[in-house]
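Asks: fold the stuff below for me.
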Amino acid sequence: MRLREKYQSCFPVIFFLFLLNTGITSIAQENILEREVNLSRTTGEIVEFLKEIGRKGNFSFTYTSQIPVHRMASVMQKKQQVKNHLADIFKYDSIQILEQNNKVLLIPLRKKNPPVFNFRLIKGLVIDSKSRKPLSYSNVILMNRSTGTVTNAHGRFELKVSPENLSDTLGVSYIGYKMSAIPLANMDTSLLVVRMSVEKVQIREIVVRPLDPIYILTKAIEKIPDNYDRKPSIYTGFFRESTLQDNKNISLSEAVINVYKESYTSQRDDQIRIFKGRKGSNTDEKEFVEFVVQGGLYNTLKLDIAKNLPTFLDAEYFPLYQYSIERIINHFERPTYAIAFDQREGVKYPCYRGRVYIDCETFAIVGASFELSDKGMNFASGIYIKKFPRRVGVKPINAYYQVFYRPFSGKWNLSNVRSEVLIRVKRRKTQQQDRFNSLFSSTSEFVITGKDTTNIIRFKTDEVSRPKDILEEQIGETDNEFWGEENIIIPGEPIEKAITRLGRRNASFSDQEIAAIKIEEEKEARKLSDDPEDEKTNNDPDED
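Replies: Below is the predicted model:
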């Protein structure tokens with residue numbers, strides 16, 4: 001029972017159902033604009049905000065088509081006076097607000113200028129220097145700051161750098177490769193191509209340890225208080241959740257979030273607060289089963305494996321696994337053990353297989369890439385599937401996970417997390433319904449883009465997203481300039497195209513990227529002609 005509960009707390013729970021939102025109306029006797037209204041969310045479409053404010057405040061709004069009600073907006077607090085809600089919602093607009101006969105009139109005046117963002121946008125592509133293969137989910141950071149992002153599935157990234165950080169250095173790291181460090185002041189191109197090289201690791205005698213994987217993993221668990229923060233902090237992060245049906249997009253949700261990160265010695269849960277978000281959907285092209293991920297934000301955060309130890313990092317469950325040290329590789333220019341693991345034969349539980357990466361000198365857990373083991377697949381249905389329609393067969397096919405950490409201020413910090421769960425849904429043909437057979441995939445991507453360690457206070461209860469909340473219901477649709485100065489993981493293509501261009505997967509390089517790659521290769525060729533002692537290696541790194 002304990003093993004099942006342990007997995008259930010770490011895996012995304014997927015279910016099929018229809019949800020109905022209800023609200024309790026609280027009406028005060030004061031003037032309309034002074035009535036206090038408690039909203040269900042802090043970010044959403046303006047028209048939905050107005051509906052909820054009017055319903056809970058027991059009045060109605062009147063406005064013309066000149067009021068931008070289909071734009072996204074946010075409020076500072078869920079519970080505040082109507083006038084403060086409206087001030088937050090229309091902070092970028094000039095609107096006169098009048099009370100009349102239990103109505104609030106919204107009258108447009110002159111339009112305010114849009115906010116001016118002051119940052120340098122760095123666009124780049126990270127590839128293998130020999131094969132030109134894009135290096136997906138590489139770490140891209142400012143070396144002396146907590147600011148960072150990761151590349152997308154095609155190796156592309158965008159990083160927004162504030163003016164005060166332009167003297168910093170851009171660092172790019174990928175497991176098993178030599179880290180690239182590029183001073184921002186030296187960048188003279190609109191598209192940066194980072195060509196990464198595999199690096200052999202020369203281990204100094206002082207870091208040679210007994211090559212016993214159980215010993216290394218046990219030390220890694222013991223060293224968690226030394227290698228990770230002992231004080232809470234506030235992370236800024238970007239989260240994306242997408243669902244495909246038979247490789248065709250049916251929904252996509254994105255959000256910039258704040259995470260109250262408890263210390264790694266605390267038993268208290270982390271908190272999540274949504275700062276802003278947007279979504280899109282396309283369910284018109286084929287028969288659709290409502291596929292919903294419950295608690296995607298919290299389940300993704302649970303993949304912080306140094307704080308929430310999975311079974312392959314829990315000494316009590318070591319007997320369920322076989323471990324072996326594959327090699328020693330590089331991670332952020334540090335020698336790192338790559339330890340492979342798989343479920344033992346005869347173990348009748350849903351276990352994992354994959355690799356965990358342990359720093360050779362400090363025994364810090366610096367990353368892992370793993371998936372549900374084939375041997376444990378038959379025991380996984382109750383973990384992944386919570387609810388589904390009658391006469392429909394639902395079976396998990398596989399689940400993939402990836403988590404990595406990056407060093408900052410002497411500690412290892414959560415960097416990025418990715419998960420993908422595959423589910424097969426079947427229905428036999430009946431007199432009322434046709435046969436249905438579809439493969440659904442739910443993918444979550446999460447990256448820490450910043451960290452604050454000053455004035456750290458836990459979030460208020462009414463600000464926090466709950467573990468069972470569904471992200472798609474907490475955000476709305478929005479425009480292209482929505483993210484402003486926030487760093488995100490750039491999608492394979494813009495969200496608007498990803499939703500409407502069903503099934504397309506474009507991993508090819510653009511003309512601009514091809515030209516930039518050729519320029520970098522010509523520079524490298526000239527450099528090698530001047531320095532014939534080129535370090536060569538035929539070893540391939542571990543793929544993440």
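Asks: in the stretch 1-150 of the chain, which segments are predicted with low confidence?
Replies: In the predicted model of the stretch 1-150 of the chain, residues 1-30, 110-117 satisfy pLDDT under 70.
Asks: now the helices for it?
Replies: With helices called from DSSP state H, counting those that start in this stretch, the stretch 1-150 of the chain shows them at 2-8, 46-57, 82-89.
Asks: want to throw those into a markdown table with distance to Pro183?
Replies: For every residue, glycine as well, the C-beta is placed using N, CA and C. Written out in a markdown table, the entries for those read as follows (distance: least, C-beta to C-beta, whole Å):
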| stretch | distance to Pro183 |
| --- | --- |
| helix 2-8 | 45 |
| helix 46-57 | 43 |
| helix 82-89 | 40 |
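Asks: quick check: longest helix of this protein.
Replies: In the chain, taking DSSP state H as the definition, the longest helix is helix 511-530.
Asks: just the buried positions in that helix, please.
Replies: For helix 511-530, a neighbour-count test (16 or more other C-beta atoms under 10 Å) marks Glu513, Ala516, Ile517, Glu520 as buried.
Asks: the residue nearest to the first one when sequence neighbours are not counted: neighbour count?
Replies: Here the nearest residue to Glu513 in space, its sequence neighbours aside, is Leu125; by C-beta to C-beta, 6 or more residues apart in numbering that works out to 5.4 Å. Applying other C-beta atoms under 10 Å, we find 24 residues neighbouring Leu125.
Asks: any idea how far Leu125 lies from Val161?
Replies: If you measure Leu125 against Val161 using C-beta to C-beta, to the nearest Å, the figure is 17 Å.
Asks: same check on Ser444?
Replies: For Ser444, the distance to Val161 under the criterion C-beta to C-beta works out to 26 Å.
Asks: please say which of those two ends up with more neighbours.
Replies: Each of Ser444 and Val161 had its neighbours counted (other C-beta under 10 Å), and the higher figure belongs to Ser444 (23 against 19).
Asks: how far does the helix or strand harbouring the more buried one sit from the chain's center?
Replies: Remark: Ser444 resides in strand 436-452, with elements defined by DSSP states H and E. The gap between where strand 436-452 is centred and where its chain is centred comes out at 6 Å by C-alpha atoms, centre = their mean, to the nearest Å.
Asks: buried residues in it?
Replies: Buried residues in strand 436-452, counted by 16+ other C-beta under 10 Å: 438, 440-451.
Asks: from those, pick the one nearest Lys231.
Replies: Closest approach to Lys231 among the buried residues of strand 436-452 (C-beta to C-beta): Lys451, at 11.6 Å.
Asks: mind listing the residues bridging to the closest one?
Replies: The residues paired with Lys451 through beta bridges, assigned by DSSP bridges, are Tyr235.
Asks: what's the answer for Tyr400, then?
Replies: Beta-bridge pairing of Tyr400 under DSSP bridges involves Glu371, Glu420.
Asks: now swap in Ile329 and tell me
Replies: Taking DSSP bridges, one finds Thr336 as the beta-bridge partners of Ile329.
Asks: shouldn't it be in contact with Lys178?
Replies: No. Because the distance of 10.7 Å does not satisfy C-beta atoms under 8 Å, Ile329 is recorded as not touching Lys178.
Asks: okay, the two: which has more neighbours?
Replies: The neighbour count for Ile329 versus Lys178, taken as other C-beta under 10 Å, is higher for Ile329 (23 against 18).
Asks: pLDDT score for the more buried one?
Replies: Looking at Ile329, its pLDDT reads 91.
Asks: avg pLDDT for the strand holding Ser444?
Replies: Taken as a whole, strand 436-452 has an average pLDDT of 86.
Asks: ok, now stretch 409-420?
Replies: In this model, stretch 409-420 has a mean pLDDT of 92.
Asks: who's in contact with that stretch?
Replies: For stretch 409-420, the surrounding residues in contact (C-beta atoms under 8 Å, 6 or more residues apart in numbering) are 12, 137, 139, 146, 148, 150, 227-229, 235, 261, 299-301, 303-304, 306, 359, 364-366, 399-407, 441-448, 451.
Asks: what about 7 Å?
Replies: Residues lying outside stretch 409-420 but in contact with it, judged by C-beta atoms under 7 Å, 6 or more residues apart in numbering, are 12, 137, 139, 148, 150, 227-229, 300, 303-304, 364, 366, 400-406, 441, 443-448, 451.
Asks: same check on stretch 158-172?
Replies: 118-123, 126, 138-145, 147, 149, 179-185, 194, 196, 485, 487, 490.
Asks: can you rerun that using 6 Å?
Replies: Outside stretch 158-172, the residues within contact range by C-beta atoms under 6 Å, 6 or more residues apart in numbering are 119-123, 126, 138, 140-145, 149, 180-184, 194, 485, 487, 490.
Asks: do stretch 138-153 as well
Replies: Where contact means C-beta under 6 Å, 6+ apart, the residues beyond stretch 138-153 that reach it are 126, 136-137, 157, 159, 165, 168-169, 171-174, 406, 408, 415-416, 447, 449-451, 487, 489-490, 492.
Asks: pull out the buried positions in it.
Replies: Under the neighbour-count criterion of 16+ other C-beta under 10 Å, stretch 138-153 has 138-143, 145-153 buried.
Asks: stretch 363-375 now?
Replies: Within stretch 363-375, the residues that count as buried by 16+ other C-beta under 10 Å are Phe363, Ala364, Ile365, Val366, Gly367, Ala368, Ser369, Phe370, Leu372, Ser373, Lys375.
Asks: any idea what the spatially most central residue of the chain is bridged to?
Replies: Centre of the chain computed as the mean C-alpha position; nearest residue by C-alpha atoms, centre = their mean is Phe446, 1.4 Å away. Under DSSP bridges, the beta-bridge partners of Phe446 are Phe239, Val417.
Asks: quick one, phi psi at Leu309?
Replies: phi -60, psi 120 (degrees, to the nearest 10).
Asks: once you drop chain neighbours, what's closest to it?
Replies: The nearest residue in space to Leu309 (C-beta to C-beta, 6+ apart) is Ile221, at 7.1 Å.
Asks: looking at this, that neighbour is in a helix?
Replies: Yes. Looking at Ile221 with DSSP: H, G, I helix; E, B strand; the rest coil, it is inside a helix.
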